[in-house]
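Q: the following comprises the amino acid sequence and a computationally predicted model.
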Amino acid sequence: MPIKLNHVFHIYSQKTPFQFEALQDVSLVIEEKSFTAIIGHTGSGKSTLIQHLNALLLPTSGEVEVNGIVIRANQLPKDVKKIRQYAGVVFQFPEAQLFEERVLDDVMFGPLNFGKTKNEAREAAQLALQQVGLDSSFFERSPFELSGGERRRVAIAGILAMQPKVLILDEPTAGLDPERASHMMSLFTKLHQQGMTIILVTHDMELVLQFANQVIVMEQGKVIAQTSPQNLFYGASRQESFIRPPLVQLIEKLRKKGKTITANQERSLVDFIAGWKVN
Amino acid sequence: MASITLGRYMPYHSLMHRLDPRIKLFAMISLMVSIFLRFGSVWTDLTLYAVIFLLISFIMRMTNIKFSQLYRQLKPLWLMLVFLLVINLLLPNTQELSGYLDLWGIKIYYAALLQTFYIVFRLVLMIALTLVITASTRPLDLTYAIEWYLSPLKVVRFPSHEVAMTMSIALRFIPTLLEETYRIMKAQASRGVDFIHGKLKEKLRAMVSLIVPLFISAFQRSEELANAMEARGYDPSAKRTRYRELTWHRCDTFALLFMMVYLSLFVALYVSGFTLPL
């Protein structure tokens, strides 16, 4: 079932001097099994938006529909746990949420909270850890003795073990070295191919071009475009306020030097590179 | 969730906001002293409490703080207030036992009820005062004021600057830690933790999943802060200048005079053993 947002507003600290309208009349549909990127400058409301998708924040007015459950304004739905399991959110720097003494226990924490038995949780945790590329030698170690990148993978496994249908990621590659970052992205691509809906918040336009099949552009709490990545950089809804990916910059430079590249050539080049990188 | 406003600076423009933090601190202490003084008779106590209450509500009005805000601060304390009432009813101060109310064979002493009322009333007034101070004074200004009061102790080598520095760091990081708390709470809520409902054992586990990461991040943060300070050559014993100087205005003098008169009046009444002729 698609995720739907219907005229959602969110106001922080309403009726105090700190009042801040973080979302203004946001209406969206995110299709099942899509790979959606959410982009926008700092403070544009991206994080607020994704926290509505698993009922961590409730709309001040408007409605959110996730997995057929409607989240109404300021009203925590009864089956909130179902929503949280359906849509797993990986926050920015998720390694901050680790607390158990053993990696395996920490990853089992989520499934246990959602009512799985110990054995089921252990199986789910082992599978999730393998998915993020941590073998059984890590299971018994303390999360606090791992490297930063490994800790992040444990934290992501903690969400994957809940077996969500939608995975929401807030800048999952921030602070990782390029190699680790590309490993991380290929994991998400694999999950996407296995049928998971992926929602990715990012500042990295190259990731958008490479992986996403739909982009949501936010600015000052409003959705100003919902389009394909190709259109974002080339088409009618081209946005000037974002730095173009290197490939797009290259084409622009070639043009300046007097080379003629038709719009069709350009598009097929982008499509080709995008497709080539994924596979 | 983000409804904790106690101890938060409210950027209004009121007379209270413009007052010098030193005089505000002095006023707070004088008012607290007057709250804790007790006089010869019940009626004297109650009358003077009414005076204090009027004064404090006037101050709250001046600071732009509404009673609803005070009420919101007190709401989490109601359990403690009930507890106080029960303890006072069970263990009344035996010297003042006079009249009592007979409720199905249980003696409820008026003195115990009165005692509870005093405690609750004092608590409410104290919270109101701290609310006024923190809402109208930037934490940094407050530590400047404390440092100023402590500075005479420098004669006996008391490290007043270091103490003030420690306090200002602690105050500065309260909102940061709160933000961090909310962040971790949200991350764990995404993993199915329910911080409100559930059995005691589940709640305890939920608290562990919050407290452990919070401690880790607090320690990390303190180390980073210490390194950043050292990297910029911070020397705790160095004489330093300030970006914001405290300046004394005419309204500060008025406030100081008023509070001095107020405090000496109360102390004089107390020392002379004054009671209202009722």
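A: That came in fine, so what should we check first?

Q: for the most centrally placed residue in chain B, what is the enclosing helix or strand?
A: Centroid-nearest residue in chain B: residue B:130, 3.6 Å away (criterion: C-alpha atoms, centre = their mean). Assessed by DSSP states H and E, residue B:130 sits inside helix B:110-136.

Q: quick one: is that helix near chain A?
A: No: Helix B:110-136 lies apart from chain A when judged by C-beta under 8 Å from any C-beta of the partner chain; the minimum separation is 10.2 Å. Quick note: C-beta positions are derived from backbone N, CA and C, even for glycine.

Q: pull out the buried positions in the next helix or strand after that helix.
A: Where DSSP H and E defines the elements, the next helix or strand beyond helix B:110-136 is helix B:139-150. Judged by neighbour count (16 or more other C-beta atoms under 10 Å in any protein chain shown), helix B:139-150 contains these buried residues: B:139, B:140, B:141, B:142, B:143, B:144, B:145, B:146, B:147, B:148.

Q: residue A:24: what secondary structure?
A: Three-state assignment for residue A:24 (DSSP: H, G, I helix; E, B strand; the rest coil): strand.

Q: ok, and the closest non-adjacent residue to residue B:114?
A: Distances taken as C-beta to C-beta, 6 or more residues apart in numbering or on different chains place residue B:42 nearest to residue B:114, at 6.7 Å, with adjacent residues excluded.

Q: neighbours of residue B:138, how many?
A: 15 (other C-beta atoms under 10 Å in any protein chain shown).

Q: that older thread, would TSV of the buried residues of helix B:139-150 with pLDDT be doable?
A: Below are these laid out as TSV (pLDDT from 0 to 100):
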residue	pLDDT
B:139	81
B:140	81
B:141	87
B:142	86
B:143	84
B:144	85
B:145	89
B:146	86
B:147	86
B:148	88
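
Q: show the backbone phi and psi for residue A:140.
A: Residue A:140 adopts backbone torsions of phi -90, psi 0, taken as degrees, to the nearest 10.

Q: OK, contacts around the closest residue to it other than its chain neighbours?
A: With sequence-adjacent residues excluded and distances taken as C-beta to C-beta, 6+ apart, residue A:140 is closest to residue A:102, at 5.6 Å. For residue A:102, the contacting residues are A:139, A:140, A:141, A:142, A:143, by C-beta atoms under 8 Å, 6 or more residues apart in numbering or on different chains.

Q: can you tell me which residues in chain A are near chain B?
A: Counting by C-beta under 8 Å from any C-beta, chain A sits next to chain B at A:12-13, A:16-17, A:51, A:54, A:56, A:81, A:84-85, A:88-89, A:91, A:94, A:96-99, A:109-110, A:113-114, A:144, A:158-159, A:162.

Q: can you do 7 Å?
A: For chain A, the residues in contact with chain B (C-beta under 7 Å from any C-beta of the partner chain) are A:12-13, A:17, A:51, A:54, A:56, A:81, A:84-85, A:88-89, A:91, A:94, A:96-99, A:109-110, A:113-114, A:158, A:162.

Q: can you say which of those are buried?
A: Buried among the residues of chain A next to chain B by 16+ other C-beta under 10 Å: A:51, A:54, A:56, A:81, A:84-85, A:88-89, A:91, A:94, A:96-99, A:109-110, A:113-114, A:158, A:162.
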